[in-house]
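Enquirer: give the three-dimensional model of this entry:
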Amino acid sequence: MVRWILAVLHLLGFGIALGSIWARALALRAPLEPAGIRRVLSADNWWGVSALLLIGTGLVRAFGGLEKGTLYYTHNHYFWVKMGMLASILLLEIMPMITFIKWRVRLAKHEPIAAVNGATFAVTSVIQAALIVGMMLAAAAMARGYGVTN
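Expert: Just a heads-up that it's a prediction; the model follows:
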């Protein structure tokens, strides 16, 4: 039962990730007046929820002894492809994350926000969405036993 719930939560994390990062990209392309900035930050909050779900359940599933075993994952080419895409997403997220933290702090202090980098961060978000789809393809390949080395 625990394995099933973790698998469902992991899949749910992918759905939330794709929806939230796409919503963030769209919000970043719109005018970044106060309401627009709040839309960006709301989508970004859900993006963070998806990261917690995906990384948390992924670690437990791969290394918690509940699924196919650590050796299955570490000896699977698609697992490493998936981890490479995750690393790329995390690296791409550094600048938006720093910027959005600053926006949140300024909002809390009721200070104006210089909404720069919106278009750049929108492109970054679209790239991250494509990487999420790539991770889903790698996960499907892993689930079917592809990529296993002996």
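
Enquirer: only C-alpha atoms for contact and neighbour calcs from this point on.
Expert: Noted.

Enquirer: name the residues of the worst-scoring helix or strand of the chain on mean pLDDT that are buried.
Expert: Ranked by mean pLDDT, DSSP states H and E, the weakest helix or strand in the chain is helix 70-74, scoring a mean of 89. Neighbour-count burial for helix 70-74 flags 72, 73 (criterion: 16 or more other Cα atoms under 10 Å).

Enquirer: just checking, what packs against the longest helix seen in the chain?
Expert: The longest helix of the chain (DSSP state H) is helix 77-108. Contact here means 3 or more Cα pairs under 8 Å, 6 or more residues apart in numbering; DSSP states H and E; on that basis helix 77-108 packs against helix 118-143.

Enquirer: elements contacting the helix it packs on?
Expert: Helix 118-143 sits against helix 2-29, helix 77-108, with contacts defined as 3+ Cα pairs under 8 Å, 6+ apart.

Enquirer: can you redo these as CSV with distance to residue 35, mean neighbour count and mean pLDDT?
Expert: Below are these laid out as CSV (distance: least, Cα to Cα, whole Å; neighbours: other Cα atoms under 10 Å; pLDDT from 0 to 100):
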stretch, distance to residue 35, mean neighbour count, mean pLDDT
helix 2-29, 10, 19, 96
helix 77-108, 11, 15, 96
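
Enquirer: how about the contacts made by residue 76?
Expert: The contact partners of residue 76, by Cα atoms under 8 Å, 6 or more residues apart in numbering, come to 142, 146, 147, 148, 149.

Enquirer: recalculate using a threshold of 10 Å.
Expert: Residue 76 makes contact with 141, 142, 145, 146, 147, 148, 149, 150, according to Cα atoms under 10 Å, 6 or more residues apart in numbering.

Enquirer: that concludes my questions; thank you for your assistance.
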